[in-house]
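Peer 1: I'd like to go over a predicted model; first the sequence, then the structure.
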Amino acid sequence: MSPTIYAALVDSLFQNPAPMFAGAVTAAIAAVLTAVKTGDQFLWPCALLLIAIGAIRTLDMRKYSQRTSPLTADEAARWEVRYQIGAMLYAVALGIWCIVALLGSDDPVAHMICTSVTLGYMAAGAGRTYGRPWIFHLQILLACGSLSVALTLHGNFYYICLAFLNVLFFIGLKHITTSLQKIFVRALIAREREAAIAGQFDTALNNMPHGLCMFAADGRLAVMNNRFSEMMGLYGDFVRRRAHALEIVTGCVSTGGVSESSAKLILSEIENAKAGEIVSVSPSLTDGRAMSWTFQPMADGGSVVLVEDITERRNAEAKITHLARYDELTGLPNRVNFRDEIERLLAASRGSTLSSALHFIDLDQFKQVNDTLGHPCGDRLLCMVADRLREMLRPDDFIARFGGDEFVVFQQNIDSNEDAASLARRIVDRLSERYEIDRHLVEIGASIGIAMTWPGVSADVLLKNADMALYRAKADGRGTFCFFHEEMAQTVEARRILELDLRRALANEEFELFYQPLVNLKSGRITTCEALLRWNHPERGTVSPVDIIPVAEDMGLIIDLGRWILRKACMECMKWPAGVSVAVNFSSQQFHQRDVLSEVRYALEVSGLPAHRLEIEITESSLLRNTQWTHDALAQLKAAGVRISLDDFGTGYSSLSYLHNFPLNKVKIDRSFLEGIDTDRPLTLLRGVARLSADLGMSVVVEGIETNEQLELISADGTVTEAQGYLFSRPVPAARVRQLLDASHGRRLPEGNLLTLPSRSMA
Ligand code: C2E
Ligand code: MG
Ligand code: MG
């Protein structure tokens, strides 16, 4: 049994002090009456005893009722003992009185009085002591047991019958008290459970993040939690007073929790008792917090009102929306935002005679700033660019950052292309002015592609056109602007088709390798043949590798294409005389792939070609980036036995330091050196480079020899070791080069050959 139920049971013993007092007084008077009627002097002490014990018990009851704190289990145990002692003593006193009255006299009135009073007292006791039935049962045993014994000992047959009937009556009373106690305990348990549930509900209600009010069908408040009071700044005993919804809502208005207009809506929702939701903004409570009010009708006609503080959520949503539509760094609208806005502006300008221009701006040399000064400086620079652009534009114009170093300006309502050109010119000039970032002076440029609007154009088409124009502006040397023209779209489309064709060509092995000999000027023999890519397209005809390689690089196709060329060239070389090598061109991107070394090793392995018969031709652009990595890769290739040629020397930076720093075997001087070779200067230059390369231990090749005069001039001082050019042979198919090699090495020139070495060299 739980302590609270036990305490409640003990408490029930002390619940009826008045009837107990009345019973004690009745018994005392009855005892006095029996004493007076019989004149039996022993009955007077009995009367006194009953009066004394009755008085003490009544006082004890009073004392109990004066307690202020709730009854604890320990206290209950003490009070139970006190009650029990009183009850026992009283029962004993009643029993003695009955024995004395019944056995000490033959007065039937006295007998009737003591019997009826004792029975009546016991019957009343059943209604008081059911909480602790065992106390009552002891009382019965002591008081009524004595009565029955005394009746039996009296000896009269009817008295004995009455004693027997008494016993039956007592047994009945015992059962009644036992079942009363069970009912009482059950009720107590149910009450305890309800109290626990109510407590939990209360805790949940007052700890929920939402404010909650429940209004009964008559619009009066039934429940309000603490959170609601806090949110609305509304404090008072509204629930106890069953305040009306009008009073609560008016209270919220007066504390500034809701505005008057919101209050009206809230009140009508409560009155209508329908499901609904409104959002209110508190007018004065701190910082205009937003509250969401949800109304839910109840089955009995009342309604539940839930209030949620949605300020943070709304702020977060606003922030997310901002992040989704604005560039975090510069605060400018982003691509998505810009597209939507342009779409809107284009729709709004329908029917206007004025046109607009879209400027696609790309910063030149921004990457270098990022790479050299670091990203934080790059970020600062972008912010400064954004500021300069903002300052230059009219309120009508719309600007956005498209990511990276790309900005877009929509210049609205202009009369002619000249207005757009003038703005683009000013933007290029302004953005090219110096920037000072962390005491660094930074200079960048800008290229701009411009697309003019026309009726019905979409934002996407406009952006695409401006992008194409930008591409052209950059190709035109940067730091300039370019308008979109229809042929640009055709170029882009042609390029797209070329890309598709290239992919298919690689998959279908439509490519072919031609070979062009390099001839040793002393021996007149072919030492090496350079593999040159050829693509015979059914419609395009023969496509130059100059057109193929950059596109393949852009597409990332160069790795697969390069692998095919390398393997094919190595396998072809295996068919040539042992002294002849093959030269394979490596584009910069192909050379910088991580596993270039394993690619080369694998090609040599599958073809069986000795490494010294493979020459890899790289251009200066390959040496420009990743210097340490490049150096290591070249060293490893050289260590593997492969020879390295520097192709097209003289077209790029022509840095002499490359010749010195990198492990190169051969330098191929570009044919542009031969232009104007008959004048002194280029020849001197060519001879100087050739001598320097030869001094550094490299063999020297001159490309593009077309005439005997050119050959004479370059071979005069003996520093140039090899020559390549149409004079000896154009690039020819594999089968043809095999014939040339047979001729060159077996000295049997096939009919119609182009290998025309001067007799001095052939000798
Ligand atoms: P390159 O490596 O300098 O190849 C020499 C180019 O000069 C070839 O053009 C060749 O036909 C041309 N040529 C040779 N002798 C003469 C001459 O006497 N007069 C004139 N006017 N031209 C001559 P091609 O085959 O059109 O190749 C052009 C460039 O394309 C090559 O320059 C090379 O950089 C690249 N290329 C060619 N095949 C491949 C390849 O398989 N892979 C890579 N990555 N690039 C290749
Ligand atoms: Mg080459
Ligand atoms: Mg070349």
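Peer 2: Perfect, I can see it now. All values derive from a computational prediction rather than experimental measurement. Numbering: from 1, shown residues only. Ligands and ions are numbered 1, 2, ... in the order given.

Peer 1: Look at the closest residue to ligand 1 within the stretch 101-250 of the chain and give its secondary structure.
Peer 2: Among the residues of the stretch 101-250 of the chain, Pro209 lies nearest to ligand 1; the distance is 66.9 Å by Cβ to the nearest ligand atom. (C-beta placed from N, C-alpha, C; glycine too.) Of the three states, Pro209 takes coil according to DSSP: H, G, I helix; E, B strand; the rest coil.

Peer 1: Next, count neighbours for it.
Peer 2: For Pro209, the tally of surrounding residues (other Cβ atoms under 10 Å) stands at 7.

Peer 1: for Trp97, same thing?
Peer 2: Trp97 has 30 neighbours, counted by other Cβ under 10 Å.

Peer 1: list the contacts for Trp564?
Peer 2: Listed by Cβ atoms under 8 Å, 6 or more residues apart in numbering, the contact partners of Trp564 are 506, 509, 511.

Peer 1: Show me which of these is closest to ligand 3.
Peer 2: Within the contacts of Trp564, the smallest distance to ligand 3 is 19.4 Å, found for Phe511 (Cβ to the ion).

Peer 1: now the closest residue in space to the closest one that isn't next to it in sequence: how far from ligand 3?
Peer 2: The shortest distance from Phe511 to any residue other than its chain neighbours is 5.4 Å, reached at Trp535 (Cβ to Cβ, 6 or more residues apart in numbering). When distances are taken as Cβ to the ion, to the nearest Å, Trp535 and ligand 3 turn out to be 19 Å apart.

Peer 1: Show me what the host helix or strand of Trp535 is packed up against.
Peer 2: Using DSSP states H and E, the element containing Trp535 is strand 526-537. The helices and strands touching strand 526-537, judged by 3 or more Cβ pairs under 8 Å, 6 or more residues apart in numbering; DSSP states H and E, are helix 486-507, strand 511-520, strand 541-543, helix 545-555, helix 558-573, strand 581-585, helix 734-746.

Peer 1: What count of nearby residues applies to whichever residue of the stretch 151-300 of the chain sits closest to ligand 1?
Peer 2: Of all residues in the stretch 151-300 of the chain, the one sitting closest to ligand 1 is Ala290 (64.0 Å; Cβ to the nearest ligand atom). Per other Cβ under 10 Å, the neighbour tally for Ala290 reads 16.

Peer 1: Touching, it and Thr311? I think so.
Peer 2: Yes - taking contacts as Cβ atoms under 8 Å, Ala290 lies within contact range of Thr311: 4.9 Å.

Peer 1: Apart from its chain neighbours, what residue comes closest to Leu142?
Peer 2: Once flanking residues are discounted, Leu142 sits nearest to Ala91: 3.8 Å by Cβ to Cβ, 6+ apart.

Peer 1: what kind of secondary structure is the one you found in?
Peer 2: Going by three-state DSSP: Ala91 is helix.

Peer 1: which residues touch it?
Peer 2: Taking Cβ under 8 Å, 6+ apart as the definition, contacts of Ala91 comprise 138-143.

Peer 1: Weed out the non-buried ones from these.
Peer 2: Using 16 or more other Cβ atoms under 10 Å as the burial test, the contacts of Ala91 include 138-140, 142-143 as buried.

Peer 1: Using PDB, write out the CA atom coordinates for the helix or strand that contains Thr294.
Peer 2: For Thr294, the host element (DSSP H and E) is strand 290-297. Backbone C-alpha positions of strand 290-297 (Å, rounded to 0.1, in the frame of the first residue of the first chain) are rendered in PDB as follows:
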ATOM      1  CA  ALA A 290       6.200  36.900 -35.000                       C
ATOM      2  CA  MET A 291       3.700  34.400 -33.500                       C
ATOM      3  CA  SER A 292       1.800  31.700 -35.200                       C
ATOM      4  CA  TRP A 293      -1.700  31.100 -33.600                       C
ATOM      5  CA  THR A 294      -3.300  27.800 -34.400                       C
ATOM      6  CA  PHE A 295      -7.000  27.200 -33.500                       C
ATOM      7  CA  GLN A 296      -8.400  23.700 -33.000                       C
ATOM      8  CA  PRO A 297     -12.000  23.100 -32.200                       C
END
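
Peer 1: if we can go back for a sec, please save the CA atoms from the strand holding Trp535 in CSV.
Peer 2: Written as CSV, here are the backbone C-alpha positions of strand 526-537 (Å, rounded to 0.1, in the frame of the first residue of the first chain):
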residue,chain,number,x,y,z
ILE,A,526,66.4,9.1,-91.9
THR,A,527,67.0,8.9,-88.2
THR,A,528,63.5,9.5,-86.9
CYS,A,529,60.0,9.7,-88.2
GLU,A,530,57.5,12.1,-86.4
ALA,A,531,54.0,10.7,-86.0
LEU,A,532,51.4,13.3,-87.0
LEU,A,533,47.7,12.8,-86.4
ARG,A,534,45.4,12.7,-89.4
TRP,A,535,41.6,12.5,-89.5
ASN,A,536,39.9,11.9,-92.7
HIS,A,537,36.3,12.8,-92.1
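
Peer 1: Any part of that strand near ligand 1?
Peer 2: Yes - Strand 526-537 comes into contact with ligand 1 (Cβ under 6 Å from any ligand atom), by way of 531-533.

Peer 1: what distance separates that strand from the middle of the whole chain?
Peer 2: In terms of Cα atoms, centre = their mean, to the nearest Å, the gap separating the centre of strand 526-537 from the centre of its chain is 54 Å.

Peer 1: quick check: mean pLDDT across that strand?
Peer 2: Strand 526-537 shows an average pLDDT of 94 in the prediction.

Peer 1: And for the nearest residue to Tyr471 once chain neighbours are set aside, the neighbour number?
Peer 2: Counting by Cβ to Cβ, 6+ apart, Gly449 is the residue found nearest to Tyr471 once chain neighbours are left out, at 6.9 Å. Neighbouring residues of Gly449 were enumerated by other Cβ under 10 Å; the total is 27.

Peer 1: so what are the domain limits for this structure?
Peer 2: Each structural domain of the chain that the record assigns through automatic domain parsing is listed here as a residue range: 3-198, 211-314, 326-484, 513-745.

Peer 1: In a markdown table: those domains, plus distance to Thr491.
Peer 2: Formatted as a markdown table, the entries for those read as follows, by distance: least, Cβ to Cβ, whole Å:
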| stretch | distance to Thr491 |
| --- | --- |
| domain 3-198 | 80 |
| domain 211-314 | 50 |
| domain 326-484 | 8 |
| domain 513-745 | 12 |
